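Visitor: Sharing a model prediction with you, sequence too.
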Amino acid sequence: MSPGHAYNPYEDADRLDDLPEHDGLVDDDATTGDFDLDDRHSLRRVAGLSTELEDITEVEYRRLRLERVVLVGVWPGGSFVDAENSLAELAALAETAGSQVLEGLVQRRLKPDPATFIGSGKVQELRDVVLTTGADTVVVDGELSASQLRNLEDKVGIKVVDRTMVILDIFAQHAKSREGKAQVELAQLEYLSQRLRGWGASLSRQAGGRAGGAGGGVGTRGPGETKLETDRRRIRTRMAKLRRDLAGMRTARDTKRAGRRRNAVPAVSIAGYTNAGKSSLLNRLTGAGVLVEDALFATLDPTVRRAQTSEGRVYTLADTVGFVRHLPHELVESFRSTLEEVADADLVVHVVDGSHPDPEGQLSAVRAVLADIGAGGVREIVAVNKADAADPLVVARLLRNEPHAVVVSARTGEGIDKLRSVIENELPQPPVEVDVLVPYQHGELVARVHTVGEVLSIEHEAAGTRVRARVPERLAAVLEPYAVATQ
Ligand SMILES: Nc1nc2c(ncn2[C@@H]2O[C@H](COP(=O)(O)OP(=O)(O)OP(=O)(O)O)[C@@H](O)[C@H]2O)c(=O)[nH]1
């Protein structure tokens, strides 16, 4: 994360009910009574958004400023290396979100404890670690229910956040475009709305107890319920608005994409686990100045660049959001339209970090997301990146399972020419084969054949340029008058 462009979505939280009406939240039921949702669970205005987004509010489901954290995970058996890798990744995520990782604990147990995620003995150990390290936040390697969150927090005495919150937090910090911000906010609200349901249920049970009737009923709808209802309604209204906005933005993007499609420009998407080197590779392949950061999820907004084959044929290369194991489904959902660009591509370059301890795990996590967004059937080229830093044994192992993979280093340039030619060979062939003699005064047509077609042979004759090529239908029609009659 680069502090220059990030904002912390957890600073300066206002209360949901403090928000002025123009925040887009309908304030039609402001009778909140004396029960207040904990202020950690409120909507609030985000400082530092651009003026056009000034009225955007965002969820705060934890007043969290990740600073000094202790990680805790559950290891259900199997290879301990998996548990360590998962915790190492959580550490990287927490650091990307701006925190300092002090300690990590893993508990061996088959399933997370339904009440506190980890068992009671481990809770005690966690408490001791928290006290000795002076941590202010516990990050759990999993997704917690609202009650697990609250129970664990009560027991350890400091804030508890889960993996999903950390990822949502990083996305919130990295979203730059209007669309990216709206997508992240939608995901956050989705996450919050599920937690509100949890809190609501437990509150109504409490209220039922106090009213003396286990089954609830008259008198059980305390002021807390009213407040939750209000919050829910506001959140629903806000989510509906975000969905409408996103639908509008999607139309604009679809139009652009349709334009490229009409002009038969092949589309290549670069996908891969976060930090695999997608942006670096895009830079190498196109010479574009895309932000490269040693941080997770530096790329959130898709970047589309123009690239050319050695023959001059134009195609687009698009960077995509980094994938991660257990990418919160709220994010996959709200980023679906962005991710669908991958499903619509002619080719996916799947970048995997060859220097990572578990590249196979990354490959399968990315493929799971690709399948989920309907891109499972798109032709894939695996690029094993960071060859300069990778263990040759690991690369050899990868190549045994992925025999067509291309080994590259975006840093040194190794393998880039090979990758470029593999991409060129895999681009879809334009549909119509033509054999034309184009007079020299129409040199621009020959140039177009180079740009959008695939030249099979070219000769300069006295009457003009003789070209045999495969071209899109529209260009074939334009070239029709110059067709060479073949017997
Ligand atoms: N050693 C080595 N490092 C590389 C190579 N390619 C990229 N990196 C480094 O890996 C880090 C991540 O690179 P990016 O290109 O930002 O990765 P990304 O996949 O776009 O990352 P996200 O946007 O987070 O998904 C940066 O520190 C790069 O300098 C490579 O070939 N060799």
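Guide: Arrived safely, thanks for sending.
Visitor: these two touch, right, residue 478 and residue 445?
Guide: Yes - using Cβ atoms under 8 Å, residue 478 is in contact with residue 445, at 6.9 Å. Using the backbone N, CA and C atoms, a C-beta is placed for each residue, glycine as well.
Visitor: Can you name the residue of this protein nearest to the ligand?
Guide: residue 322 (2.4 Å; Cβ to the nearest ligand atom).
Visitor: Report the distance from the helix or strand where residue 399 lies to the chain centre.
Guide: Residue 399 is part of helix 392-401 when elements are defined by DSSP states H and E. In terms of Cα atoms, centre = their mean, to the nearest Å, the centre of helix 392-401 is found 27 Å from the chain centre.
Visitor: quick one: is it near the ligand?
Guide: No - figure legend: helix 392-401 not in contact with the ligand (Cβ under 6 Å from any ligand atom); closest approach 12.2 Å.
Visitor: Packing partners of that helix?
Guide: Secondary-structure packing of helix 392-401 (3 or more Cβ pairs under 8 Å, 6 or more residues apart in numbering; DSSP states H and E): helix 359-372, strand 379-385.
Visitor: Sketch out the low-pLDDT regions of the protein for me.
Guide: Scanning the chain for pLDDT under 70 picks out 1-66, 196-228, 256-257, 259-264, 288-303, 325-327, 334, 337-338, 486-487.
Visitor: Which helix in it has the most residues?
Guide: Identified as the longest helix of the chain according to DSSP state H is helix 223-262.
Visitor: counting contacts, what elements does it pack onto?
Guide: Applying 3+ Cβ pairs under 8 Å, 6+ apart, one finds that helix 223-262 makes contact with strand 43-45, helix 178-210, strand 267-272, helix 336-343.
Visitor: The same query, at a cut-off of 7 Å, please.
Guide: Here helix 223-262 touches helix 178-210, going by 3 or more Cβ pairs under 7 Å, 6 or more residues apart in numbering; DSSP states H and E.
Visitor: what kind of secondary structure is the most centrally placed residue in the chain in?
Guide: In the chain, the residue lying closest to the centroid (Cα atoms, centre = their mean) is residue 321, at 4.4 Å. Recorded secondary structure, residue 321: coil (DSSP: H, G, I helix; E, B strand; the rest coil).
Visitor: Quick check, it in contact with residue 336.
Guide: No - the criterion here is Cβ atoms under 7 Å, and residue 321 misses it with residue 336 at 11.2 Å.
Visitor: Stretch 424-443: end-to-end distance?
Guide: Start and end residues of stretch 424-443 are separated by 24 Å (Cα to Cα, to the nearest Å).
Visitor: which residues sit against it?
Guide: With Cβ atoms under 7 Å, 6 or more residues apart in numbering as the test, stretch 424-443 has contacts from 264, 266, 309-310, 315, 346-347, 379, 381, 445-446, 452-454, 461, 463-473, 476, 479, 482-484, 486.
Visitor: Which positions within it qualify as buried?
Guide: Neighbour counts over stretch 424-443 (16 or more other Cβ atoms under 10 Å) mark 424, 426, 427, 430, 432, 434, 435, 436, 438, 442 as buried.
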